[in-house]
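> Okay, predicted coordinates and the sequence, questions at the end:
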Amino acid sequence: MRYIPTTEEQKKGMLEGIGVSSFEDLIGGIPASVRFKGKLNVPEAISESELEEKICRISKRNADFFLMKPLIGAGAYRHYVPEAEKSLLQREEFWTSYTPYQPELSQGTLQSMFEFQTYIARLTNMDVVIPSIYDGASATAEAALMSLRLTHRNKIIVSSLLHPHYRETVKTYVAPHGTKIVELPYKNALLNIEKLKELISDDVASVIVQNPNFFGGIENLAKISEVVHSQNALLINTIAESMSLGVLRAPGEMRVDIVAGEAQSFGMELNYGGPYNGYLASRKQFLRQLPGRIAGETVDVDGKRAFVMTQRAREQDIRGEKATSNICSNHGLNILASNIYLSLMGTEGLYKISLLNTKAAHYLENLLLKSRRFERVFEYPFYNEFLLKSKDSVPTVNGKLLQNNFIPPFEISKFYKEEDFKDVLLFAITELLSREDLNKVAEILSE
């Protein structure tokens, strides 16, 4: 039965259980002046078959990624998800996100966490990885809190090219600590290193830099690291598009201290804002300040490979108010999705997909510039996202693309209010846009 209505007998039983004789008695404490008078605008009941038809008609009004290909990214990227992964994720024994409070009894869950940690450690070249931070934004905020605890300083420099939603999340997390946040301006679509040299001082706990940044720009992390460490501050590298790790140098190679990333690109479809799966990676010496949970590998009494929940003394269920975090959900299914995806892709596959994304983005940018309907706003190196200023208005561009089954790029002025950003669009390209698709987009927008 899909619908089981509450009978009069059940209503009576519930009211008796509460200790009142009628519904009117139940709401007696609510003043009559604030009670709703009249009838709710609820349609009359219809049959189940009529309801199914109505819902079907409504659903057909939705656009989907199979009918419309996206040119928008801005922190949410659609990549191809292999059918093998989709099939394996349907196994119902994987359908739980609950934290294993008797972890050693959950060897499968722990192994899945351990394998994900291993993949991310290899991609980032960091020593320790925490899976299951809620998303990239909260991972970045947790990294900021870590830096406060590690340095005992209370100022954070945040790049203005960190995703605006991530910036707001950081502000929310650190607000109770009275932390001073200094926004670092950009220059030519990249972090302004000269300004960083002016702002960095011995009271700065950390500098948060997104790479690739919100404009898609590839930051000079090695140079930034040199400046940040000159004052013994910590460098936090946020990665909203983890697919970029397939071609960019690993953060650990450039002396990044903490990596806060989002793994959505590794095998997770886009579904109205979720689900996401953040992760934190750091150097070994910061291990005890990491929030969340770590799965470790060991052997049992028979010498067989086994997995354990390690460094558990920092968990909130043991330390209470002294815990480093209140993270209590394990994104087990998301971790498994990423594990399957990365194992299917392998090192070579991930490199090829990342390189294809890069080349496709530069290919489309070149076509649009040749059309003379677009011009560059900045000259900068980028991964798979880039800014272009349109000679047509944004509504005109959006209308052309929507009519031809493309989801338009992101209008950058929604977040960045500078006058120069009028009619500037942030294009995002993934492997799901073929050469024919890119040619068609250029043709449409050249008219």
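In hand now; what should we look at? Residues are numbered from 1 along each chain as shown.
> and stretch 390-397, how far from the chain's centre?
29 Å (CA atoms, centre = their mean, to the nearest Å).
> likewise stretch 154-173?
The answer for stretch 154-173 is 14 Å, by CA atoms, centre = their mean.
> what's the weakest-modelled helix or strand in this structure?
helix 316-319 (a mean of 57; mean pLDDT, DSSP states H and E).
> That helix: what's the following helix or strand?
helix 332-371 (DSSP states H and E).
> The closest residue to Arg249 other than its chain neighbours: what's it in contact with?
Spatial nearest neighbour of Arg249, excluding adjacent residues (CB to CB, 6 or more residues apart in numbering): Leu221 at 7.8 Å. Just so you know, the C-beta spots here come from the backbone N, C-alpha and C atoms, and that holds for glycine as well. By CB atoms under 8 Å, 6 or more residues apart in numbering, the contact set of Leu221 is 209, 211, 235, 237, 249, 251, 254, 256.
> go again using 7 Å as the cut-off
Contacts for Leu221 were tallied using CB atoms under 7 Å, 6 or more residues apart in numbering; they are 211, 237, 251, 254, 256.
> How about Glu183?
Shown in contact with Glu183 (CB under 7 Å, 6+ apart): 158, 160.
> looking at this, it is in a helix?
No. Under DSSP: H, G, I helix; E, B strand; the rest coil, Glu183 sits outside any helix and is assigned strand.
> how much space is there between it and Trp95?
Per CB to CB, to the nearest Å, Glu183 is found 42 Å from Trp95.
> likewise Val209?
37 Å.
> Compare those two (neighbour count), which wins?
It is Val209, of Val209 and Trp95, that has more neighbours when counted by other CB atoms under 10 Å, with 27 against 10.
> you'd agree that one is in a strand?
Yes. Counting by three-state DSSP, Val209 is part of a strand.
> In the sheet, which residues pair with it? Tell me.
Note on Val209: beta-bridge partners by DSSP bridges are Asn237.
> Now do it, the pLDDT please.
Val209 is assigned a pLDDT of 98 by the prediction.
> how much space between it and Ser201?
From Val209 to Ser201 the distance is 17 Å (CB to CB).
> Could you do Val129 as well?
In terms of CB to CB, Val129 sits 31 Å off from Ser201.
> Please apply the same query to Glu418.
27 Å.
> Please enumerate the strands of the stretch 51-200 of the chain.
Taking DSSP state E, counting those that start in this stretch, the strands of the stretch 51-200 of the chain run over residues 69-70, 128-133, 155-159, 180-184, 186-187, 190-191.
> Nearest to Gly292 among those strands would be which one?
strand 128-133 (4.2 Å; CB to CB).
> Give me the angle between the closest one and helix 332-371.
Counting by axes from the mean of the first three to the mean of the last three CA atoms, to 10 degrees, strand 128-133 lies at 90 degrees to helix 332-371.
> In terms of secondary structure, what does strand 128-133 contact?
Applying 3 or more CB pairs under 7 Å, 6 or more residues apart in numbering; DSSP states H and E, one finds that strand 128-133 makes contact with helix 107-124, strand 278-282.
> and it, which strands flank it?
Strand 128-133 has these strand partners (DSSP bridges): strand 278-282 (antiparallel).
> ok, residues contacting the partner strand?
By CB under 7 Å, 6+ apart, strand 278-282 touches 120-121, 124, 126, 128-131, 133-136, 138-139, 142-143, 257-263, 290, 292.
> Same question for stretch 404-415.
Stretch 404-415 is contacted by residues 67-72, 74, 164, 387, 394, 397-398, 401-402, 421-422, 424-428, 440-441, 444 when judged by CB under 7 Å, 6+ apart.
> Which among the residues you listed count as buried?
69-72, 74, 387, 394, 397-398, 401, 421, 424-428, 440-441 (16 or more other CB atoms under 10 Å).
> Need phi/psi at Gly73.
Main-chain torsions, Gly73, degrees, to the nearest 10: phi -130, psi -90.
> any idea how this structure splits into domains?
Listed domain ranges for the chain are 69-79+347-446, 83-341 (source: automatic domain parsing).
> between those, which one is nearest to Pro43?
domain 83-341 (24.4 Å).
> Between the two ends of the closest one, how far is it?
10 Å (CA to CA, to the nearest Å).
> The closest residue to Met268 other than its chain neighbours: neighbouring residues, count only.
Using CB to CB, 6+ apart and skipping residues adjacent in sequence, the residue nearest Met268 is Ala337, 5.6 Å away. Using other CB under 10 Å, Ala337 has 26 other residues around it.
> picking that back up, switch the contacts of Leu221 over to TSV; also include distance to Ser230 and neighbour count.
Compiled in TSV, those are given as follows (distance: CB to CB, whole Å; neighbours: other CB atoms under 10 Å):
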residue	distance to Ser230	neighbour count
Asn211	19	28
Asn237	17	28
Pro251	18	27
Met254	15	20
Val256	15	27
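> which of those residues lies closest to Leu150?
Among these, and counting by CB to CB, the member closest to Leu150 is Val256, at 14.2 Å.
> so how far is Gln210 from the residue nearest to Arg249?
Taking CB to CB, one finds Leu221 at 11 Å from Gln210.
> Among Val129 and Ser201, which residue is more densely surrounded?
It is Val129, of Val129 and Ser201, that has more neighbours when counted by other CB under 10 Å, with 26 against 12.
> Pretty sure the more buried one sits against Ala121.
Yes. With contact defined as CB atoms under 7 Å, Val129 reaches Ala121; the gap is 5.0 Å.
> do you know how far Ser138 is from Leu196?
From Ser138 to Leu196 the distance is 25 Å (CB to CB).
> Cool, thanks, talk later.
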